[in-house]
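Undergrad: Got a sequence here, can you build the structure:
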Amino acid sequence: MRVFVTGETGFIGSAVVEELIGHWHDVIGLARSDAAAATLTAAGAAPHHGSVEDPDSLRRGARQADAAIHTAYFHQFSHAGLATRLRVVLGGSPRRIVPRFLRATSASDRTAITTIGQALGTGRPFVSTFGTLALPAGRLATENDDIDPDGVGALRGATERAVADLAGRGVRASLVRLPPIVHGDGDHHGFLPRFIGYARKYGVSGYAGDGRNRWPSVHRFDAARLFV
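TA: Below is the predicted model:
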């Protein structure tokens with residue numbers, strides 16, 4: 001199977017590419033730079049130049065594939081294109097830059113999901129991703145729970161709705177809800193390195209509240225197997 005992958009040089013996306021190639025799938029990876037293209041080529045994937053902010057490049061990538069996996073997301077301001085950064089910086093009060101950036105990243109993600117899903121059409125599978133931080137707090141959550149509109153990460157709730165809309169139109173769309181702690185390879189990504197850093201600095205292992213809170217976690221290669 002030929003699979004179009006976004007975010008393929010990221011922490012989880014690179015594991016997805018490795019898992020796909022390990023199962024003899026052909027991978028087309030969205031590369032927004034020559035460095036990313038070189039990384040993909042070295043991994044055994046075919047680079048497809050473009051960006052998640054460029055719908056035409058997403059359509060071209062999806063149309064030449066049998067399936068698609070979308071893991072790309074702007075986690076940092078520098079990840080966004082110049083036009084997006086200018087809109088965020090010049091779009092109003094400096095104190096509202098962070099909310100504007102979050103809205104811009106959410107809008108870009110929704111557009112990317114819709115574009116890829118429509119390009120695939122019916123019959124070809126499409127897997128996207130979302131975070132469990134947007135689910136209701138204070139109890140164990142399941143896949144049957146909806147987004148908490150007042151919760152952390154609720155702004156990205158439209159991502160789930162975009163995938164559901166595709167499924168309602170006959171696209172074989174599904175979603176992987178990733179936990180806040182995705183670890184592996186030295187644990188240099190996300191919340192876990194911060195906890196490790198605190199423990200090394202202060203000589204104790206800290207916890208929140210009375211210690212009864214539950215933080216789901218997953219190794220990045222286990223997450224990659226689920227995507228594949």
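
Undergrad: Test my guess that Ile28 contacts Met1.
TA: No: using CB atoms under 8 Å, Ile28 makes no contact with Met1, being 11.1 Å away. Using the backbone N, CA and C atoms, a C-beta is placed for each residue, glycine as well.

Undergrad: higher neighbour count, these two?
TA: Ile28 (21 against 14; other CB atoms under 10 Å).

Undergrad: Just confirm that one is within a strand.
TA: Yes: the assignment for Ile28 (DSSP: H, G, I helix; E, B strand; the rest coil) places it in a strand.

Undergrad: Against Ser217, how distant is the nearest residue to Ala167 once chain neighbours are set aside?
TA: Closest residue to Ala167 apart from its sequence neighbours, by CB to CB, 6 or more residues apart in numbering: Ala173 at 4.4 Å. Note on Ala173: its distance to Ser217, by CB to CB, to the nearest Å, is 26 Å.

Undergrad: go on, Leu90?
TA: 39 Å.

Undergrad: Looking at the two, which is more packed in?
TA: Ser217 (15 against 9).

Undergrad: count of neighbours near Phe126?
TA: The burial count for Phe126: 26, using other CB under 10 Å.

Undergrad: who does the helix or strand encompassing it touch, helix- and strand-wise?
TA: Phe126 is part of strand 125-131 when elements are defined by DSSP states H and E. Packing partners of strand 125-131 (3 or more CB pairs under 8 Å, 6 or more residues apart in numbering; DSSP states H and E): strand 67-70, helix 97-120, helix 157-168, strand 172-178.

Undergrad: Scan the helices and strands of this structure for the one with the lowest mean pLDDT.
TA: helix 82-90 (a mean of 76; mean pLDDT, DSSP states H and E).

Undergrad: distance of the closest residue to Phe74 other than its chain neighbours from Gly29?
TA: Nearest non-adjacent residue to Phe74, counting by CB to CB, 6+ apart: Thr105, 4.3 Å away. Counting by CB to CB, the gap from Thr105 to Gly29 is 21 Å.

Undergrad: okay, the two: which has more neighbours?
TA: Neighbour tally, Thr105 and Gly29, criterion other CB under 10 Å: the higher count belongs to Gly29, 27 against 22.

Undergrad: This completes my enquiry, with thanks.
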